[in-house]
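1. Attaching a predicted model along with its sequence, questions to come.
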Amino acid sequence: MKKALLMGVIISSLTTLNAQNSAEKIIASNQGLHIGGYGQVDYNKVLNSGINYNASLDVHRLVTFIGYNFNEKTSFVSEIELEHVTEVYVEQAFLSHIIKDNISVNAGLMLIPMGIQNLYHEPPTFNGVERTNVDKYIVPTTWREMGVSVNGRMMDNTLSYELMLVNGFNGFDGSANFSGKSGLRGGRQKGAKSYMTSADFASRFTYTAIPGLNIGLSTYIGESESSAYNSLDLNNENDVKSADSTIIGIQMFGLDSRYNKGAFQFRGQYILGNLSNTLQYNEKTKSDLGSVISGYYSEIGYNILENNKITNELIPFVRFENYNTHNETDGDLLINDSYNRTDLTFGIGYKVSKGAMFKADYQIKSDKGSDGKTYQINLGTAIWF
């Protein structure tokens, strides 16, 4: 564990991109209505020898931004998302108000400020057709919940912070929503009739004093929610004990860094989640949730058109990532090595404009539980405006 943590810290000091997400762009805009969006269309095909797999073609997501600036201090931000053509979600919907210079308050459905891609997930802002699996199984992107936040800047605007109180994951609603394979992902409430027993805390501090370098430290501390606490008789010890067994305590920490130097791009991230009460949870729900989940990745890219007098970018890149939802387990639950997964991705992206990109990559996927590997080719288009 200590070795993995040290590796994550070293890797995360190498990374990329000075980005502004869509909510930040709307809040920083002039008064009035603002409309934008992003989308990605994907082609994925597994290439394992001896077995044929049909390719998958998918309008993975199409998102519309609608924001309105009431005045210089007050804004509303929303994102409406279509996934896979038929699934409709509200990804963000919050009111933002500037209290005074460099301090504002937000309330509504907001992104949890953990890691890079949960905040900056517009497709042209990252290399590769798909988002990283560290930001799927460990974070898990897109992670948004209902709550209130205070945002600000200090130290001549080189240190920004976000402090949040939000509802927790829905860990139990008659059955387990957490699992050994997918970690916490199945418990996201997404603002859909969310419920809460007590608030969880999330925070992020971002340091940008060094030109081209962006370093982020994120935390998330709290407990999952459980339907077993609704109408619970607190005088009934057996019922209280049973309800307590459906709760997971969560302490998640993230360190990420992005760095651009001329044509070179680097980014990296390390996420560690410590989960408590997993023994009781697994016994109650018959799940196999691990007590520690973790993941990291490191990526390097190079814009080979940097020195040409054109605005297009051609960026070959390579990324290594490891994500383990069974880093540790409690009780007699055996560690499932197939949940310790590694992806090696080689790819290239061609930005024909700042918000329009063609992508292609080749992935080699493996896990510690088997000797075999999965090979996959991905093609895609990405837009953001």
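-> Okay, I see it. Numbering: from 1, shown residues only.

2. Sticking with residue 254, tell me its helix or strand.
-> Assigned by DSSP states H and E, residue 254 falls within strand 249-261.

3. Within its sheet, name the partner strands of the helix or strand following that strand and how each one runs.
-> Later in the chain than strand 249-261, the nearest helix or strand by DSSP H and E is strand 264-276. According to DSSP bridges, strand 264-276 forms sheet pairs with strand 249-261 (antiparallel), strand 292-302 (antiparallel).

4. Please work out which of those is packed deepest.
-> Mean neighbours per residue, mean count of other CB atoms under 10 Å, is largest over the strands paired with strand 264-276 for strand 292-302, with a mean of 23. The way it works is simple: take the backbone N, C-alpha and C, and place the C-beta from them, glycine included.

5. Can I get it in PDB, CA atoms only?
-> The C-alpha trace of strand 292-302 is given here as PDB (Å, rounded to 0.1, in the frame of the first residue of the first chain):
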ATOM      1  CA  VAL A 292      -9.800  -0.300   0.300                       C
ATOM      2  CA  ILE A 293     -10.100   0.900  -3.300                       C
ATOM      3  CA  SER A 294      -7.400   2.700  -5.200                       C
ATOM      4  CA  GLY A 295      -6.300   3.800  -8.700                       C
ATOM      5  CA  TYR A 296      -3.700   5.800 -10.500                       C
ATOM      6  CA  TYR A 297      -2.700   6.800 -13.900                       C
ATOM      7  CA  SER A 298       0.100   8.600 -15.700                       C
ATOM      8  CA  GLU A 299      -0.100  10.000 -19.200                       C
ATOM      9  CA  ILE A 300       2.300  11.800 -21.600                       C
ATOM     10  CA  GLY A 301       1.300  13.500 -24.800                       C
ATOM     11  CA  TYR A 302       3.100  15.700 -27.400                       C
END
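
6. any idea of the mean pLDDT in that strand?
-> The average pLDDT within strand 292-302 is 98.

7. How far away from the center of its chain is the following helix or strand past it?
-> Once strand 292-302 ends, the next helix or strand along the chain (criterion: DSSP H and E) is strand 313-328. On the basis of CA atoms, centre = their mean, to the nearest Å, strand 313-328 sits 13 Å off its chain's mean C-alpha point.

8. for strand 313-328, what is the average pLDDT?
-> The model assigns strand 313-328 a mean pLDDT of 98.

9. what packs against that strand?
-> Other helices and strands packing on strand 313-328, by 3 or more CB pairs under 8 Å, 6 or more residues apart in numbering; DSSP states H and E, are helix 134-137, strand 292-302, strand 340-353.

10. Buried residues, that strand. List them.
-> Using 16 or more other CB atoms under 10 Å as the test for burial, strand 313-328 gives 313-315, 317, 319, 321-328.

11. Please save the CA atoms from it in PDB.
-> Extracted C-alpha coordinates of strand 313-328, given in PDB (Å, rounded to 0.1, in the frame of the first residue of the first chain):
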ATOM      1  CA  GLU A 313      -3.200  20.100 -32.800                       C
ATOM      2  CA  LEU A 314      -2.000  16.500 -33.500                       C
ATOM      3  CA  ILE A 315      -1.400  14.700 -30.200                       C
ATOM      4  CA  PRO A 316       0.000  11.200 -29.900                       C
ATOM      5  CA  PHE A 317      -0.100  10.000 -26.300                       C
ATOM      6  CA  VAL A 318       0.500   7.000 -24.000                       C
ATOM      7  CA  ARG A 319      -1.300   6.300 -20.700                       C
ATOM      8  CA  PHE A 320      -0.800   3.700 -18.000                       C
ATOM      9  CA  GLU A 321      -3.500   3.100 -15.400                       C
ATOM     10  CA  ASN A 322      -4.200   0.700 -12.600                       C
ATOM     11  CA  TYR A 323      -7.500   0.500 -10.800                       C
ATOM     12  CA  ASN A 324      -8.200  -1.900  -7.900                       C
ATOM     13  CA  THR A 325     -11.600  -2.200  -6.200                       C
ATOM     14  CA  HIS A 326     -10.300  -5.000  -4.000                       C
ATOM     15  CA  ASN A 327      -7.000  -3.500  -2.700                       C
ATOM     16  CA  GLU A 328      -7.900  -4.800   0.800                       C
END
